[in-house]
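In: below are the sequence and a predicted model; questions follow.
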Amino acid sequence: MRRQDVAVLFIDIVNFTGFSAERDPYEVIEVLRQFHTRMEAEVFRHGGTLDKYLGDGLMATFGTPMITGRDASNALDCARGMISVIDRWNLERSRMHGPEIRAGIGVHYGAAVLGDIGNDRLEFAVIGSAVNIASRLEALTRPLSARLAISDRLRARVLEETGGSAAAPGGALDGLVRLEDQVVRGLEDKMTLWALH
């Protein structure tokens, strides 16, 4: 068991319940398979660890099990890569008259506890406030009408890792807009967030 700073990413399909209700279960499963295949490929391409599938979404961590010195940047690059992959997938789907798939992504950088949990069946787990906050940022993408929401802490860490170059045009932070401080469920103070619409 150890405590360290990690980047945590959550992605979830928007309105998946509505999507599922209108379709054959086999089509729903096939869409989920394709979604997970594409998203996990982005996680691995950016040096992340696929922590778990969450029905119509997933959780990934960056900096586990080993810190790289670019964990926040890798997580943000992964999120932006996921958005690009979904855009390309939607082009393919539109050619076949399939409905658009939309997803919300939340990314945070902060403290977590890493270690094996369980007794007979050990499982490596990442738990703590960084995980909870990233999950809540993903949920906030809906009321914010955003594709991606990141914490100010993640943004600061990305700037630190990149020597500020991420803020340049075309950099990883390009296009992210600072929002009015937001109430994040479970936190006393409002958080400064950045969003990509």
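Out: Yes, it's here.
In: in the longest helix along the chain, which residues are buried?
Out: Longest helix in the chain by number of residues (criterion: DSSP state H): helix 71-95. Across helix 71-95, burial judged by 16 or more other Cβ atoms under 10 Å covers 71-83, 85-86, 89, 93. Every C-beta, even on glycine, is put in place using the N, C-alpha and C of the backbone.
In: name the SS class of the residue lying farthest from the centre of the chain, please.
Out: The centre of the chain is farthest from one residue, residue 120, which by Cα atoms, centre = their mean lies 30.5 Å away. Here residue 120 is coil, with the state taken from DSSP: H, G, I helix; E, B strand; the rest coil.
In: same question for residue 61.
Out: Applying three-state DSSP: residue 61 is strand.
In: quick check: bridge partners of it?
Out: Here residue 61 shows beta-bridge partners residue 8, residue 49, assigned using DSSP bridges.
In: wait, it touches residue 8, no?
Out: Yes: with contact defined as Cβ atoms under 8 Å, residue 61 reaches residue 8; the gap is 5.5 Å.
In: what about these two, which has more around it?
Out: residue 8 (33 against 25; other Cβ atoms under 10 Å).
In: which residues sit in contact with that one?
Out: 59-62, 75, 107-110, 112, 126, 130-131, 133-134 (Cβ atoms under 8 Å, 6 or more residues apart in numbering).
In: how near is it to residue 51?
Out: Distance from residue 8 to residue 51, counting by Cβ to Cβ, to the nearest Å: 8 Å.
In: could you give the angle of the longest strand belonging to the chain to helix 71-95?
Out: Counting residues, the longest strand found in the chain (DSSP state E) is strand 103-117. Relative orientation of strand 103-117 versus helix 71-95 (axes from the mean of the first three to the mean of the last three Cα atoms, to 10 degrees): 130 degrees.
In: list the buried ones in stretch 14-28?
Out: Neighbour-count burial for stretch 14-28 [16+ other Cβ under 10 Å]: 16, 19, 20, 28.
In: just checking, what packs against the one helix or strand the second one maps to?
Out: When you say that, I think you mean residue 19. Using DSSP states H and E, residue 19 sits in helix 16-21. Contact analysis of helix 16-21 by 3 or more Cβ pairs under 8 Å, 6 or more residues apart in numbering; DSSP states H and E lists helix 25-45 as its packing neighbours.
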